[in-house]
Each structure stands twice: as C-alpha cells, then as structure tokens.
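[1] Could you work out the structure for the sequence below:
(chains A, B, C and D)
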Number of protein chains: 2
Amino acid sequence: MLDTMRQFKAGIFQALGHPTRVAIVEFLSRGEMSVGQLCEKVGVEQANASQHLAVLRNKHIVETRKEGNQIFYRLRDPLLGEALDKMREYFFAHMTKATEMLREEKKGAKKIEQEAKR
Amino acid sequence: MLDTMRQFKAGIFQALGHPTRVAIVEFLSRGEMSVGQLCEKVGVEQANASQHLAVLRNKHIVETRKEGNQIFYRLRDPLLGEALDKMREYFFAHMTKATEMLREEKKGAKKIEQEAKR
DNA sequence: TTGATATATTCGAGAGTGCGAATACTCGAA
DNA sequence: TTCGAGTATTCGCACTCTCGAATATATCAA
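    Numbering: from 1, shown residues only, chains lettered A, B, ... in the order given. Below you'll find the model as predicted:
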C-alpha cells in the first residue's frame, strides 16, 4: 500500500513532466485563465492545450469553471503552487550550474535566472 | 530562454515520474546506499535499477561514490529532499481524498497516511 | 433554427519509455 | 593472469506519449 502512495506521487510528477504543462501550471498559479488565454500565453495550439489540460484534470491538479462560452482553469490547490515555489530554489541552484558552461558562449542565462527566481 | 527553464523543470519532474524512481529518491533521502541495497529495498532487478539510476544520474539528481567493488548513490542536493518534503503536504492532502472511497471498503489507508507524513 | 466561437475528443504516425535477457565493464582477491 | 561479485549498457519488444488534423460537443447570438 506504500506502493500506492508512490504511484500517486509518480503520477503527479509525470503530469508535471512536460514543458507545456509546467508552463500551464505556472500561469495558473497566478490566477485562473480560460483555455484561449492559456493557448495564447503558452503559445500552443488549441487542441494540444486541451490535451495537456486533460492530463492535468485527470490528476486533479486543476479544476474548471464554466462561464458562458468559455471554460476557466485554476489550480485545485494553492498548495501545489507553494510546493513549486519551494522547488524553484532547487531549480535555480542547479539550473545555474547546468548553464554555467553555456554562459561562456551564449548569453541569456541572466534571463533564465530571473525566471527562476519568480 | 524561458523555455529552457521549463524544459529543465519538466526534465526533473519527468525523472521523478516513475514509482521506482520515487522509491529510490525516498530511500536516498535518508542516506546513501549501494546499488545492491537499493535493489533489495525497492524490490527490483539489478539491470532495471541501474537503468532508473541512469535516468536520475542524467538529470544530476544523484551522485555516486565508488568504494571498492560497489557504488554508493546519494542525492546530489539535500535541497531536493526539502522540496519533496513540501510536496508531501500536497500529496498527503490529496492522497487522502483520493483514497477516501477506498477506505470504506479496504483498510490500509492509515498506512498510506503514515507514509505520506514521513 | 442556423451559424459562429470556445473547448474537447478521437485518430494515426512517430518518438520515447520500461522491462527482462544478454552482454560488457570494473575492481579486488586469489 | 583468472575468477567472481557488483554495476552498467545494449537490444528487442510492448506500451505509452505527443502532436496536428479532423471531428464532435456546447453555448451564445441572430
């Protein structure tokens, strides 16, 4: 039954294991958005966004609210946003190292750092 | 370049997105272990464990130390352990809900809760 | 009703993942 | 050297994931 817990955890992580879904969750952590808005912000096609949202819905990571023609998504639990905030520390520390070598050739790492801090 | 950060994050999540790797990380968060020990604890074949460890290595989530014949693994950064602690709150809250219905039929949820708290 | 807009689902192809079996590598002991 | 234990890698197969295209559903407005 300990396995059940790990399957559950892995399921959540897996749901977060795609750049597009990371982006979606990040935007939603700042407030609810309609699908159309998300498509625009994230820069992805409608059908594709809808599929990613389905993944997040299946894991109960997001919830929806219908308003007339459109559907607004929000994080089910702000706790997840907080958890992601905590992980940002980790991401920042290691993303920096990971891009250290690149920094010498390309620039742009600064931008990444700024993003990491948010 | 904001995309780079999200790819990086998603990569970490994806690496954690498998029950076996969740188990490995959980064990390692309590101290280093050899591959053999991990195999036994996690209950998985050697080749399989090695493959999962390779995934974690590639994401720089774990580091290794050689001692004679065997190789000891540890978490690269305790920060990750802390971050996972934060997520445990989330896991606990929602795992409980997710198993509420089951609890009426089966028992065992208590064990799951205990695991979640650790 | 009809049409338009917003969102979801289905489908098929291609890429990626997980597994066990087999094989290779590495190190220390004999 | 040679052997054996511990670990890593490769291979082939089944399965899953992701994408865009096409299609379906729902809601509002005319």
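[2] A:Lys66 belongs to a strand?
    Yes. Counting by DSSP: H, G, I helix; E, B strand; the rest coil, A:Lys66 is part of a strand.
[3] Around DNA strand C, pick out the residues from chain A.
    With Cβ under 7 Å from any atom of the strand as the criterion, chain A comes near DNA strand C at residues A:34-36, A:39, A:46-47, A:49-51, A:53-54, A:64, A:69-71. To be clear about C-beta, it is placed using only N, CA and C from the backbone, and glycine gets the same treatment.
[4] List the contacts of the residue nearest the centre of chain A.
    Within chain A, one residue has its C-alpha closest to the average C-alpha position: by Cα atoms, centre = their mean, that is A:Val22, at 2.2 Å. By Cβ atoms under 8 Å, 6 or more residues apart in numbering or on different chains, the contact set of A:Val22 is A:16, B:6, B:9-10, B:13.
[5] between those residues, which is nearest B:Tyr90?
    For the contacts of A:Val22, the residue nearest B:Tyr90 by Cβ to Cβ is A:Leu16; the value is 11.4 Å.
[6] Helix, strand or coil: sort out the residue nearest to the centre of chain A for me.
    Strictly by three-state DSSP, A:Val22 counts as helix.
[7] any idea how far B:Ala83 is from it?
    Separation of A:Val22 from B:Ala83 (Cβ to Cβ, to the nearest Å): 15 Å.
[8] got it, and A:His18?
    19 Å.
[9] Could you pick out the buried ones from the residues of chain A next to DNA strand C?
    A:34-35, A:39, A:49, A:53 (16 or more other Cβ atoms under 10 Å in any protein chain shown).
[10] In strands only, show me those residues.
    Of those, the ones assigned to strands by DSSP state E are A:Ser34.
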